[in-house]
Structure formats: structure tokens, C-alpha cells
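> Pasting the sequence and the predicted model now:
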Amino acid sequence: MRRIVPVLASVALLVSSAAIQAQQYPDPGKAITVTVPYGPGQATDLMCRVFLEQLKVTLDHPAIVVENKVGAGSSIGAKEAAAEPADGYHLLCTGNATHVANPLIYTEIDFKPDEELRPITGVAATGYVFATGKNLNGKSLKEIIEIAKDSPTPLKVGLASTTSRVLWGMLQQATGIKLDNVPYMRGKQDLFPDLIRGDTDLVIEAMPSAMAALQGEDVTAVAVTLPERSELLPDTPTFVEEGVDLELTGWNAFYAPAGTPDEIVAKLNEAAVAALNTPEVAEGLKPIACTPMPTTPEGLQAQIESDRAKWKPMVELYNLQVN
Amino acid sequence: MGSLSSAFDGAVLGLGVALQGSNLVYCIIGVTLGTLLGVLPGIGVLISISLLFPLTFHLDPTAALVMLAGVFYGTTYGGSTSAILLNVPGTPSAAVSCLDGHPMAKSGRAGVALLATTIASFVGGTIGIILMMAFSPLIVENALRFGAHEYFALMAMGLIAASTITQGSPVKGIAMVIVGILLGLVQADFYTGIPRFSFGIPELYEGLSLVALAMGMFGVSEVIASVRTIGRAESYARQKITMRSMIPTRDDVGRSWLPMLRGSGIGAFFGTLPGTGGLIASFMAYAVEKRAAKDPSRFGNGAIEGLVGPETANNAADQTAFIPTLTLGIPGTPAMAIMLAVLIVHGISPGPRLIIDQPELFWGVVMSFWIGNILLLVLNIPMVGVWVRLLQVPYQYLFPAILMFVCLGVYSINNSAFEVWTLVFFASLGYLLRLLDFSAAPLLLGFVLGPDMEEHFRRALLVSDGDFRSFVERPLSAFILCVTAIMLARALWTALRPSRRKADDVREEAAAGH
Amino acid sequence: MNKRDVIAGILMIGFGAFVAWYSLRYDLGTLRRMGPGMFPTIMAYALMIMGVLILVPALYKRGGEVVAFEVRSFVFVIGAIGVFALTMPRFGIVPAIVSLTVVASIADGRMSPLVVLVLAVALSLIAVMVFHYLLGTALVPFKWDP
């Protein structure tokens, strides 16, 4: 009986200190390290940095440091971030590939994002654009589909990422046309020049990377994969508008290692959503053709599930798995 | 020629912008930081720029670009410094400078080498700017003419040229190029996405680290070879350093001006093609100088032409690489991608409109590159004395320091020990190849260009529906392939010709005499 | 026999053969539609040819003494880097640099332990100054994460 009091006291102390820790989060003396598993200057890296700059303000914690860790299409950095202490000072900002594409494609890597990470909020979203160059300039989506159907050899479409390849698959499924895929995994810089020169007929590319090329008159955007028209491309219809059932956004999101206390996650979500709703972030994301995507942790998980449902059949159909 | 006069106006406008107080300050900061970082072996352009990138969020776009450009230059120059002094290329593109720059340092001519590099960089940058000014629209048009076929041909040519760089048999050079290509092929197949030669290690999905290769094969293997062969309390510079030995001789100057002109041309050309850049330009320049020299056997032993030509080419290429980045939005290298990101983050979309819509920004940045070059000159000439003193540190203290910087530099690329293990691999490989009289430089180029060459080759076939004749049907690609074939034939011929033996024997005797 | 070049040639042939063999597990495709394995295979064969071109003349020519393999230097320089790779992620900059210096100094073998220690400390300080404070990278002076 006498034991109970000290035990209860210690338990109370432990619980309250955890609560106090969470209350005092973030501790001004400790830096928060956010892993970004992409190269500095790349689209996803920029999306994360614009957001994190504003998070410093809304969380009132200037010591937020970005750590770039490239490898296996973001899986290596994500896995390492998930293994960090779950104390709220080690976080992850990564693209949808980590949860959606990679587990389907890199089946050999022992990383289970659903178990090892917990979602905080979405960060930013962007669409993919379907564009024409020298050979098919000025044609609408319907016209292109017709040409594709009538053409003796399939039209060639340039693709520079795995997501583009999935879109290629989805497009062929949704329209019944066949397109030859010309990959540009390493040579991204040739994607649009080849289109301009006429070596390829079409391109499917993420908006951030496509914006520069779309400024010129040699490349025209035909359709976007967003649910609604983007204000950056006001004259470009969405696929859905044009009667093609194709919709996919690329997005990135904010995570913490599994086991991070609920109070800390809630606090981070609050500050993050506040940051994402500021005009600074909206303006900052515009040049990279993104829009803010604040969500609840549950909302983010739902987005992940819905994307997986779209990707799985494509990966299987086109045999995109690796090993 | 209206374009030249309007370009000139632009240059004047730009000069005004570049010389504005704050921009000038940022330029100075960038160049200084860049040089200091670049000298530290292992810290290359990419790391420096990535580290300083967050700072640019708070600056106005011109200042941000100016500073980053300064860092870019400074790092390249710093990289050459450590290549000359320590045989450690601070940046991979400085690898060629090791070939003749380091022997110059070892024979007490470090001061001359460093001075020559500084001046060569300045000349390369200046000529690069002039070419940019005069031919900007032409350059852009030119760049667009190069498709997969042409890039493949160009890279094949560069690689064959690289194999002639070595002192020994070109056959060994070609073998090294191929080994480099094979090592470079350790990465995901571009078409199917399957990781190749990764032996189940996820860290290898994206390939081996170039920095680890450059540091390991050049720097660390040099350390291994030198640790016990350099006498106790001796330093690298075996002769006494006198004031006189730091000043270039008339002979040096006479030998240098033509290589500088040639190098500028080569560099300016390759710089404008996105995806090629300074590395291939420096190799080509070296090969050209070696071929053009009256006595090619001097190369590899401290021939100043072998240092000056590539350095000029490198800088000219760096300069002109801004053209496709700024006007087409196509970054040629990862470092350029960051520059591009800076622009984009500040809401500026690069593109053909940039010159028209924002002439102050465009020309301001271009001219500040030039100012940056001048600053490099001003900053580094006094520093040459300091660097040369550095060489006099007894080697037993110097070599752990070298190892320290290399290890930390490599580790900090990805905050991962895996890269350091890669360094171990490359250092061992480098030492082994050195013992067998192979040269690391062609391997490095093969490593960098190999995968790109494969992708261009396969894409060329995809685009022309599997028709091999397309390589010959396209005039540009046919021309380049012809040149390449001639170079290859020449290389093999000289290697297998009987009279070659004489030169080899002479070398053997010289080596044995040491 | 040019011993050095004979070894060199054999090495090239060996490496080429290994790559050619290993590439078989990747789809070769056809020459027109190359699979992932085709290019490495072509390069591997080319390398083997080069190896032969190095090996055969070497069997008849003179000269080419193999430069001595500096065992001690090799083992302890490589060892130093290896020790660094093991120590750095677990214990941070200072322990890593100290161990690096100590192991590397064995390669030289001519410095007294005191000198080595002073050097190790000096280098760690420089490392921390440059990499932690000046550059602000994520590398920390001390860690405990074994």
C-alpha cells in the first residue's frame, strides 16, 4: 500500500512532464530539423522551403533547419527521418511519391510510410500539363485524340518523371489512344527543346517545370490534370472539362515520425495550416505553379488513400514495379 | 548587327546595376565565400550554393543571383586551387587542372600555376561575356539545334578526346573511359526505372557519388602514394620558394595566350549546350592543347598550356551556361538549377522574354559575373603567396588535414556515411589504377558522360523509330561522328604503331631514373 | 614481359567479363529497342577488347616495373577514412576527426603520440569551426547515437 503513493507520484510526474514538454513545444533553444528528401532547388524542395519560411513565423520558432537527403526517389531520406526521435524536433516534408508511388514501385525497400510516419498536414499541390510543340501546335485535346487515333505510327510523348508515366497510362486508358513514351529521366533539360524541334509530339509534365517553356510561343498547354482550371493557365481547360476522366494532383506534405505525441502534432498542424493560409505562402508558391493545400491529419491520410487507388492499377498494368 | 549595339547598351546598363553598392557588396561576399569553400577539398559548387541558398530568400533577386554567381565562380576557382596544390579537385571540373597544375606545384612553380589560373579564368570569363553579348540570339538558336543524336555524338567525341589525354597508351585511356562509363551506369535505367548494378543497396539506386569519385581517385590516392615517399619534415614543394618562382616567365606568357583563346572558344561553345558544361569543355581543351603542342610529351609534367587552356575553357563555359538557364529556363547543371530556383522563388520566370522584360536584371547579372571575375583576380593574387606557404607545411601535418576535409566534405553531401564508404572504394580503386599506370581523368569524364550518352543514344533511337541511319542523316551529328571516328582511328594507330615504343622507352628510363 | 601492363590487361578483361555476365540478368532488348542491359554489355565487351590490346603487346615488350604497393600507407589511410565513416554518424565531428587523425598518423609512423594528439585536437577544432559554425551544416561536434 505504501508503494502506491510514490508510484502514483512518479506516474503523475512523468505524465505531467510530457504534457509540460508538449505545452512548451517548441523549445526556443532547440532547432527543428526538417528532412527534405530532394535536391536543393528542385520543385518539391522549393515547395517545402516556401512553406517552412512561413512556419517559422506562425510557430514563432525561427530555428527551423532544412536537411536535404537525396536517394531512391525520396525513400531513403524519408526512411531516415522516420527513424529519428519522435520528439517534434525531427520532421519530414516530402512529396506524394513517398507514400503513393514508391511503396508500389520500389518494392524492395523496407519502408512502410503508413506505420513509420504520421501525417500532419498537406502543404502544396500542383497539376500536370499536357502540352504540344512544333508538330501539333494549336490543336485542342479533342483534335489531338483524333489525330492520335488516325495516325499510322503512335504519337510520341515526352515524360520526365514516374508520375508522368502514370499519367501516360491513365491517358491511354481514358481515351483509348496509344502513345509511345519517350523518357527523359536524366536529361530533363531536353524535354521541351525536343518538343520544340519536333522530335516529340507531346509532353506530359508537372506544372512547376513546364511554366518556363509554356511562356514561349512554341509550346502550348492543351489540358491540365487539376480538378479546376489553374489561375496560372487560365486559358487551359482541365481534362475533366474536355470530357476525359483524368485527374491527378502532385502534392507534398508535412509529417512526423510515428509516435510523436498527439499534442505536438496538433500544435504543428495548427501552425502549419495558419502558415499555409497566409498570402505570403500563396504568393510564394505561385511562381512554382503550386497552391497551398492545408488539411487535417485525417484529411491527408484520405488523400493518400485516394491517390493509391488511382496509381495501383496503372503500376500493375504498365509493369512499373522495380524488382 | 543591331543586336550587338543593343547588347552593348545592355552591358552598360548592366554595369551600372552591377556596380551599385549593395550588389557589389553581395558579389564580394559571394566570391570570397565561394573561394574559401571551394578550396576546401570536398566542398564543391553544389554544396556551397545549397548551403547559401536559404540566405537568398531574404535578398532581392538581383542581389541573390549576384551573390550566388559569385559563390559559383569563387568555388570553381577555389577548386582549381586545391587541384593545383594538393591534387585534390575541389570541384570535379578541376580534375583536368590536376594533370599539369599539380606537377607544376611539385616542381616549385605553384605560384605561377595559381597566377596563370586566375588570369586564365578572367580571360575566359571576359571572352565568354563578349561572345554572349554578340551572339545571344544565335547561341540560343544553336542550342536548340542539338538533339539527342547530336548530344550523343558530342559526348562520344569528348570521351575519345579524353582518352588521348593520358601520357601512356591511348588504349589505356579508352579502357579508363569505359570503366568510368560502367561505373556511371550504376543507376536506374532511364526507360524502365530498374536500378542497375545496385546489388540490392538502395543508396545506389541513384548512382555513385561523383564527388566521392573525384576526391578518392585524385586526392586520397595521391595521399596514399605520398605519405611515406615524401621525406620527414619535407613538404610538397621540395625546392625553396623564391619570389622569382612565383612570377610567370616570358616563356610562360608566350605559351599561354593561344591556349587561352582556344580555350575560350571551346568553353563558350560547350557552355551554351545545356547538360554539357565546363567539365567536358575542360577535357576537350586539354586534348586540343596537347594535340596542338610541338612537344606533347611535356603534358602531364607541368606544361602550362595544359593548365591554362582548360581553365579558360571552364570559366568561359560557366559564363555562357547562364544563357540557356536565363533565356530558356533550362538549367544545364544542378548548380544552375538552384540559380533558376532563386529566380523562380522571387517570381521571375526565365524565358526568352527575360532579356526584353527585365533588361536590368539580365544584364545586371551578366555584368556582375564580369565584376566577379575581376574581384577574383584582385582577391586571389595576394592570396597566391599564402597558398604557396601552405604547401610548405610539413606533409605529415598536411595529409591528415586533407583527409579531414575530404571526409567531412563527402559526408556532408547527404549527411550519410554511405558516401564515405564510396570514398573508400574510389580511393582504393584510384590507388590501384595509379600503380598500374592508368590515369583517373578519363575515368571521371566517362563516369559523368556515360549515362547521359546512353540516354541520348537510346532516346535518339526512340525518336527516330529505331532507325540507325538517323545518326548519319542528321548533318550535325554525322559531322561530329566523323570527327570522332578520325580521332579514334588516330589514337589506336599511334598506340599500336612500332615507333611508339621509343617514346615509351624514354619515359621508362626517366621514371626509373627517379 | 611488361609485368605491370600484363596485370593491367588482365584486370580490364576480368572486369569487362564480370559486367558482361552480370548484365545478363537485365533485359537486353534488341539493338533497336535497347533494354537496360544492352549498353553495359556493349561497353563491357569493348573493355575486354581494350584489355586484350593492353595485354598482348605487354607479353612481348620490356619494362614497366610495378611501382611498389605501399601497404602501410594504404591500410592506414583507408582505415582512417573507414574509422571516420563509422564514428561520424554515431559520435559526431570531434570523435570522428580525432580517430581519423590517430589512425592516419600510423600510416606516417614518424610522429610522436603527443604530436598526433595535438594535431588531432587542432584539426577537430578547425572542423567544428568550419563545418558546424561557419557553414551551419547539420554536422554536430558531439553526438551519442551508437
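Yes, it's here. Numbering: from 1, shown residues only, chains lettered A, B, ... in the order given.
> Tell me which stretches of chain C form helices.
C:3-22, C:38-60, C:71-91, C:93-108, C:113-127 (DSSP state H).
> ditto for chain A
In chain A, the segments counted as helices under DSSP H are A:4-24, A:43-58, A:75-82, A:101-105, A:113-116, A:141-150, A:162-175, A:191-197, A:207-215, A:262-276, A:279-285, A:297-317.
> Contact partners for the nearest residue to residue A:155 once chain neighbours are set aside?
Among residues not flanking residue A:155 along the chain, residue A:201 sits closest, at 4.3 Å (CB to CB, 6 or more residues apart in numbering or on different chains). Any C-beta I mention is one placed from the backbone N, CA and C, and that applies to glycine too. Listed by CB atoms under 8 Å, 6 or more residues apart in numbering or on different chains, the contact partners of residue A:201 are A:132-133, A:135-136, A:155-157, A:195.
> Let's see which of those residues end up in strands.
Of the contacts of residue A:201, the ones assigned to strands by DSSP state E are A:132, A:155-157.
> Turn those residues into CSV, including pLDDT and neighbour count.
Output for the ones in strands among the contacts of residue A:201, formatted as CSV (pLDDT from 0 to 100; neighbours: other CB atoms under 10 Å in any protein chain shown):
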residue, pLDDT, neighbour count
A:132, 91, 24
A:155, 90, 18
A:156, 91, 20
A:157, 92, 25
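> so which two of those residues are the farthest from each other?
A:132 and A:156 (11.7 Å; CB to CB).
> Quickly list what's touching both of these two.
With CB under 8 Å, 6+ apart, residue A:132 and residue A:156 have common neighbours A:201-202.
> Torsion angles phi and psi at residue B:492?
Torsion angles at residue B:492 (phi, psi; degrees, to the nearest 10) stand at phi -70, psi -40.
> my bad, should have said residue B:198
Torsion angles, degrees, to the nearest 10, at residue B:198: phi -90, psi -10.
> likewise the one 4 residues further on?
As for residue B:202, its main-chain torsions (degrees, to the nearest 10) stand at phi -60, psi -30.
> Can you tell me which of the ones in strands among the contacts of residue A:201 is closest to residue A:231?
Nearest member of the ones in strands among the contacts of residue A:201 to residue A:231, counting by CB to CB, is residue A:132, at 21.6 Å.
> where's that closest one relative to chain C, distance?
25 Å (CB to the nearest CB, to the nearest Å).
> ok, that residue - contacts?
Counting by CB under 8 Å, 6+ apart, residue A:132 has contacts A:138-139, A:144, A:195, A:201-203, A:219-220, A:222.
> Distance of the spatially most central residue of chain B relative to residue A:63?
When CA atoms, centre = their mean is applied to chain B, the residue found nearest the centroid is residue B:93 (2.1 Å). Distance, residue B:93 to residue A:63, using CB to CB, to the nearest Å: 35 Å.
> quick one on the thing from earlier: narrow the contacts of residue A:132 to those that are buried.
A:144, A:195, A:201-203, A:219-220, A:222 (16 or more other CB atoms under 10 Å in any protein chain shown).
> just the residues you listed now: which is nearest chain C?
residue A:201 (18.8 Å; CB to the nearest CB).
> In CSV: the helices of chain A, plus mean pLDDT and distance to residue B:492.
Formatted as CSV, the helices of chain A follow (pLDDT from 0 to 100; distance: least, CB to CB, whole Å):
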stretch, mean pLDDT, distance to residue B:492
helix A:4-24, 63, 71
helix A:43-58, 87, 46
helix A:75-82, 86, 43
helix A:101-105, 81, 43
helix A:113-116, 88, 53
helix A:141-150, 88, 48
helix A:162-175, 86, 41
helix A:191-197, 86, 34
helix A:207-215, 80, 43
helix A:262-276, 91, 62
helix A:279-285, 85, 56
helix A:297-317, 87, 47
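> Quick check: residues of the stretch 51-200 of chain A near chain C?
Residues of the stretch 51-200 of chain A found near chain C (CB under 8 Å from any CB of the partner chain) are A:65, A:67.
> switch to 6 Å and redo it
Proximity of the stretch 51-200 of chain A to chain C, by CB under 6 Å from any CB of the partner chain, involves residues residue A:67.
> In the stretch 51-200 of chain A, which residue sits closest to chain C?
Chain C sits closest to residue A:67 of the stretch 51-200 of chain A, with a gap of 5.0 Å, by CB to the nearest CB.
> Thought residue A:35 was touching that residue, still the case?
Yes: counting by CB atoms under 6 Å, residue A:67 touches residue A:35, with 5.1 Å between them.
> Looking at these two, which one has more neighbours?
residue A:35 (27 against 18; other CB atoms under 10 Å in any protein chain shown).
> quick one: the spatially closest residue to the more buried one that is not a sequence neighbour and chain B, what's the gap?
Distance criterion CB to CB, 6+ apart; nearest residue to residue A:35, sequence neighbours excluded, is residue A:81 at 3.9 Å. Counting by CB to the nearest CB, the gap from residue A:81 to chain B is 11 Å.
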